[in-house]
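Novice: A predicted structure for the sequence below; I have some questions about it.
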Amino acid sequence: MANWTDCLNFGISIAKQASEVVLSAFQQHKEVKLKSSPADLVTETDQRVEKILISAIRNRYPQHRFIGEESVAAGERLELTDSPTWIIDPIDGTVNFVHRFPFVAISIAFTFNKQIQFGIVYSCVEDKLFYAQRGGGAFLNGEPLYVSGQQDISRCVVVTEIGAERDDVALSTTTSNICRLLKLPVHGVRALGTAAVDMCQVATGGADAYYHIGMHCWDIAASAIIVQEAGGVVMDTDGSEFDMMSRRVIAASSATVADRIAQVIQAFPCCRDDEDNCRCGATGVN
Ligand SMILES: O=P(O)(O)O[C@H]1[C@H](O)[C@@H](O)[C@@H](O)[C@@H](O)[C@@H]1O
Ligand SMILES: [Mg+2]
Ligand SMILES: [Mg+2]
């Protein structure tokens, strides 16, 4: 059984180093480019942080492979193999970063045999380091994390995202899902603007569930294992097994709450991340 602890520790160290680049740019003016929609932004800092992370990892682990949000956006093929693979979102919450809304994260997941072995989500402005290794528990700044265990949907705070998709079908599905949950009722619905940090709230017990349709594997692969190792449940919005490439996810404090959310919400169609002609994450931005 391979032990990936050295990779995890290296991942944590380079996430903290790269956050210095994010934080030094946070208050500065940013040049913004658009990707898949007018709400899907990228800056030079996103691209620079991804290059810093990938070159540091490649230098130490030359055989490892990468799936990086901005590399895919620049046209690199997205292919998950059995090889050790780093799945990187250099800045999760780029809209927040551009607007100086203080929730921006570096998200790094690591897979082997296509199974997530560890995840790191570093919320840079908050200085909150979430991480988990398969079988080793979940932690926030070194303290163990546990989900709330809530079983009653009417006592839940649910986190979701109004993503970058702005076509009529996506918008009507997204808003009707929120209305259906509010009418149950749930205690509240929240959105921080970063899928990775949103989902980590479930691991802390501060939220009881998170769901999202339309995000990408790099948004949620790291936080998925953090929720699982905190005792939570992660699955597809249709109730099937979690599939990081499907662009649909429910993470919850319990299977009961996850199943209830799967009954209430609907998904809008979007291509899989690993679909060859899926151009949702890529627009040839250089
Ligand atoms: O800031 P990003 O890395 O682009 O991720 C965003 C995504 O673009 C947006 O559509 C939403 O899904 C957010 O929750 C993601 O964090
Ligand atoms: Mg993201
Ligand atoms: Mg990003």
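Specialist: Noted; the coordinates are in hand. Ligands and ions are numbered 1, 2, ... in the order given.

Novice: I'd assumed P38 was in a helix, is it?
Specialist: No. Going by DSSP: H, G, I helix; E, B strand; the rest coil, the assignment for P38 is coil, not a helix.

Novice: look up phi and psi at it.
Specialist: Main-chain dihedrals, P38, degrees, to the nearest 10: phi -60, psi -10.

Novice: need the nearest residue in space to it, chain neighbours excluded.
Specialist: Spatially, and ignoring its direct neighbours in sequence, P38 is nearest to R166 (6.9 Å; Cβ to Cβ, 6 or more residues apart in numbering). The way it works is simple: take the backbone N, C-alpha and C, and place the C-beta from them, glycine included.

Novice: who touches the residue in the stretch 51-200 of the chain positioned nearest to ligand 2 in this structure?
Specialist: Sorted by distance to ligand 2 under Cβ to the ion, the residues of the stretch 51-200 of the chain start with D92, at 3.7 Å. Each residue near D92 by Cβ atoms under 8 Å, 6 or more residues apart in numbering is listed here: 104-107, 121, 194-197, 218-219.

Novice: just checking: which of those also lie near ligand 1?
Specialist: Intersecting those with the contacts of ligand 1 gives 194-195, 219 (criterion: Cβ under 6 Å from any ligand atom).

Novice: if we only consider those, which is nearest to ligand 3?
Specialist: Closest to ligand 3, out of all of the ones next to ligand 1 among the contacts of D92 and judged by Cβ to the ion, is D219, at 7.3 Å.

Novice: could you pull up phi and psi at the closest one?
Specialist: Dihedral angles of D219 (phi, psi; degrees, to the nearest 10) stand at phi -70, psi -30.

Novice: tell me, how many neighbours does it end up with?
Specialist: 30 (other Cβ atoms under 10 Å).

Novice: ok, it touching A196?
Specialist: Yes. In this structure, D219 is within contact of A196 by Cβ atoms under 8 Å, at 6.1 Å.

Novice: re the thing from before, make CSV from the ones next to ligand 1 among the contacts of D92 and add pLDDT to it.
Specialist: As requested, those are exported to CSV (pLDDT from 0 to 100):
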residue, pLDDT
T194, 98
A195, 98
D219, 98
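
Novice: list the contacts of G205.
Specialist: Applying Cβ under 8 Å, 6+ apart, one finds that G205 lies in contact with 145-149, 230, 253.

Novice: skip ahead from the host helix or strand of V189 and say which helix or strand is next.
Specialist: Under the criterion DSSP states H and E, the helix or strand holding V189 is strand 188-190. Per DSSP H and E, the first helix or strand lying C-terminal to strand 188-190 is helix 195-204.

Novice: return the distance of that following helix from the chain's centre.
Specialist: Distance of helix 195-204 from the chain centroid (Cα atoms, centre = their mean, to the nearest Å) equals 9 Å.

Novice: by contact count, what packs against the helix or strand following it?
Specialist: Once the chain leaves helix 195-204, the next helix or strand it forms, by DSSP H and E, is strand 209-213. Secondary-structure packing of strand 209-213 (3 or more Cβ pairs under 8 Å, 6 or more residues apart in numbering; DSSP states H and E): strand 157-159, helix 168-183, helix 195-204, helix 217-229, strand 248-252, helix 255-264.

Novice: tell me the mean pLDDT over strand 209-213?
Specialist: When pLDDT is averaged over strand 209-213, the result is 98.

Novice: thinking again about what came up before, could the helices and strands packed on strand 209-213 go into CSV alongside distance to Y210?
Specialist: Putting the helices and strands packed on strand 209-213 into CSV (distance: least, Cβ to Cβ, whole Å) gives the following:
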stretch, distance to Y210
strand 157-159, 4
helix 168-183, 12
helix 195-204, 5
helix 217-229, 8
strand 248-252, 5
helix 255-264, 9
